[in-house]
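Undergrad: all I have is the shape, not the residue letters:
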């Protein structure tokens, strides 16, 4: 079980990982709509994507607090991976390197889902290290 020092930060990390996953899904749908010529999607795709590193930075800060409270190190490393991944996604999108932008979005979404599943006890980690 988690204690008071790690419980709340882990719940916040979990919430932020959910927000990241949802943002990546929305960004993907908007990207597909852009490819189909839906003009309104272009005005939302960039801002949604650009918000993800900001959320990722907040997640890293909270993960640091959780780690200081005794949370497993993978919480911090997973959060750092999401921050770096979303930052690279945004960069590749700005320079239109779709060969990296699109598959990296899929990979980073996988990291977010892994974190969510692991934090909630559905991803194979010991129950003592989850939110349960």
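TA: Nice, thanks for sending it over. Predicted, not measured: the structure shown is a model, and the values here were computed from it.
Undergrad: now for whichever helix or strand residue 53 is part of, which elements pack on it?
TA: Taking DSSP states H and E as the criterion, the element that holds residue 53 is helix 39-68. Other elements packing on helix 39-68 under the criterion 3 or more Cβ pairs under 8 Å, 6 or more residues apart in numbering; DSSP states H and E are helix 4-35, helix 73-94. Any C-beta I mention is one placed from the backbone N, CA and C, and that applies to glycine too.
Undergrad: distance between the shortest one and the chain's centre?
TA: This means helix 73-94. Helix 73-94 sits 7 Å away from the centroid of its parent chain (Cα atoms, centre = their mean, to the nearest Å).
Undergrad: next, the angle from the helix or strand following that helix to helix 39-68.
TA: Next along the chain after helix 73-94, taking DSSP H and E as the criterion, comes helix 98-119. Put simply, helix 98-119 runs at 40 degrees to helix 39-68, going by axes from the mean of the first three to the mean of the last three Cα atoms, to 10 degrees.
Undergrad: switch the helices and strands packed on helix 39-68 over to a markdown table; also include distance to residue 117.
TA: Listed next are the helices and strands packed on helix 39-68 as a markdown table, based on distance: least, Cβ to Cβ, whole Å:
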| stretch | distance to residue 117 |
| --- | --- |
| helix 4-35 | 10 |
| helix 73-94 | 11 |
